[in-house]
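Colleague: quick one, structure for this:
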Amino acid sequence: MTVRPHTAHTFELGPAALAEIRAFLDEVFEGDFSDDDWDHSLGGVHALVRDEAGAIVAHGSVAQRRVLLGGRSYRVGYVEAVAVRPDRRRQGLGGQVMAALEAVIDGAYAAGALSASDEGESLYRARGWRPWPGRIEVLAPGGVRRLPDEEGNTYLLPVAGHALPGPEAGPLVFDWRDGDVV
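Modeller: Presented below is the predicted three-dimensional model:
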């Protein structure tokens, strides 16, 4: 029997839990989870699902980012490190993690944002996330730079009471970070 996701801010988890989460992500992503990816998942709220033996079977986190759109800066909850142990996939655990993260987004941000993998796209679409139909850019150290590879797989989730303008307002410009920018 799987319990509902436990949510906690990074600071509440402690070194042992953070090491356990990192090991879980390294395993599930089969070595394709970098130190930058780990850094992106920290500093916000984590959602964890553990099995009856206490092992992590699903994880995701949401951290604050800034995006510029139509001449205005918005605070968005950016979803990172969503993973489900391979033997537990297709059991609703990813949806449980996303529901917990979406509750954080609804309560704290103007919108949610994420970069969808091919494997995760159907989960996000089914939950109301929509691909941003316009340009994606980043405010890099050398100036604004277009990210054409992120166009089509950057998804947004609207939050009630916060209406972001559409692509007619211009590109969606993310704040800079090391590693994968979006």
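Colleague: at the geometric centre of this structure, which residue do we find?
Modeller: Closest to where the C-alpha atoms of the chain average out (C-alpha atoms, centre = their mean) is V79, at 1.1 Å.
Colleague: who's sitting farthest from the centroid in the protein?
Modeller: In the chain, by C-alpha atoms, centre = their mean, A53 is the one farthest from centre (26.7 Å).
Colleague: bridged to the nearest residue to H9 once chain neighbours are set aside, which residues?
Modeller: Counting by C-beta to C-beta, 6 or more residues apart in numbering, H9 lies nearest to V45, which is 5.5 Å off, once chain neighbours are set aside. Bear in mind the C-beta positions are built from the backbone N, C-alpha and C, glycine included. Beta bridges link V45 to H9, V62 when assigned by DSSP bridges.
Colleague: wouldn't V45 be in contact with V62 here?
Modeller: Yes: V45 is in contact with V62 according to C-beta atoms under 8 Å; the separation is 5.5 Å.
Colleague: mind listing what L157 touches?
Modeller: For L157, the contact set (C-beta atoms under 8 Å, 6 or more residues apart in numbering) comprises E102, I105, A111, G112, A113, R127, G128, W129, R130.
Colleague: where are the low-confidence patches of the chain?
Modeller: Residue ranges of the chain with pLDDT under 70: 1-3.
Colleague: residue boundaries of the helices in it?
Modeller: Using DSSP state H, the helices assigned to the chain run over residues 10-28, 35-40, 93-108, 121-126.
Colleague: redo those helices as a markdown table? Include distance to V144.
Modeller: Formatted as a markdown table, those follow (distance: least, C-beta to C-beta, whole Å):
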| stretch | distance to V144 |
| --- | --- |
| helix 10-28 | 29 |
| helix 35-40 | 20 |
| helix 93-108 | 26 |
| helix 121-126 | 26 |
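Colleague: what's the spacing between T7 and G95?
Modeller: As judged by C-beta to C-beta, to the nearest Å, T7 and G95 stand 15 Å apart.
Colleague: neighbour count winner among these two?
Modeller: T7 (18 against 15; other C-beta atoms under 10 Å).
Colleague: in contact with the more buried one, which residues?
Modeller: Counting by C-beta under 8 Å, 6+ apart, T7 has contacts V45, H46, A47, L48, A100, V104.
Colleague: between the residues you listed, which sits nearest F33?
Modeller: Minimum distance to F33 across the contacts of T7 is 14.7 Å, recorded for H46 (C-beta to C-beta).
Colleague: and the closest residue to the closest one other than its chain neighbours, how many residues sit next to it?
Modeller: For H46, ignoring the flanking residues on the chain, the nearest one in space by C-beta to C-beta, 6+ apart is S61 at 4.5 Å. Using other C-beta under 10 Å, S61 has 28 neighbouring residues.
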